[in-house]
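In: missing the sequence, but the structure's below:
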């Protein structure tokens, strides 16, 4: 994203606006929203994104059990690709 700060800061502004809108407290807690986003990243094979979202969820109080259940849902939806990504995320979050 650093490159956009230099060449197209409007993209950063748009990204930050949608991120705030999507992840701020509402009917769902911010923690739950981060867990959902983590599951989606896992299903898409995005190791770094899923790990980052998991770290943020942990800072908001997500437990190991909540992370594991979230990753189990991603595996159910995404199959073996999500299972592999889940293993990488678990290892990164709980070394």
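Out: It's in. What you are looking at is a predicted structure, and each value in this text was computed from that prediction instead of being measured.

In: so where's the chain shaky on pLDDT?
Out: Along the chain, no part satisfies pLDDT under 70.

In: quick check: residue 94 touching residue 64?
Out: Yes: assessed by CB atoms under 8 Å, residue 94 is found in contact with residue 64 at 6.5 Å. All C-beta atoms are positioned from the backbone trio N, CA, C, and that covers glycine.

In: give me the number of residues near residue 13?
Out: 11 (other CB atoms under 10 Å).

In: quick one, what contacts it?
Out: By CB atoms under 8 Å, 6 or more residues apart in numbering, the contact set of residue 13 is empty.

In: quick one: it from residue 7, how far?
Out: Applying CB to CB, to the nearest Å, the value for residue 13 to residue 7 is 13 Å.

In: ditto for residue 95
Out: 36 Å.

In: please say which of the two ends up with more neighbours.
Out: The neighbour comparison of residue 95 against residue 7 (other CB under 10 Å) goes to residue 7, with 8 against 5.

In: and residue 89, what does it touch?
Out: Neighbours of residue 89 in contact, by CB under 8 Å, 6+ apart: 38, 42, 47, 50, 51, 54, 71.

In: for the residue nearest to it when sequence neighbours are not counted, what are its contacts?
Out: Spatial nearest neighbour of residue 89, chain neighbours left out: residue 50 (4.7 Å); criterion: CB to CB, 6 or more residues apart in numbering. Counting by CB under 8 Å, 6+ apart, residue 50 makes contact with 38, 41, 42, 85, 89.

In: that older thread, of the contacts of residue 89, which belong to strands?
Out: Among those, none falls in strands (DSSP state E).

In: dump those residues into TSV; add distance to residue 79 as well.
Out: Formatted as TSV, these follow (distance: CB to CB, whole Å):
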residue	distance to residue 79
38	17
42	11
47	16
50	16
51	20
54	20
71	13
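
In: going by neighbour count, which of those residues comes out on top?
Out: Most surrounded of those: other CB under 10 Å gives residue 42, at 31 neighbours.
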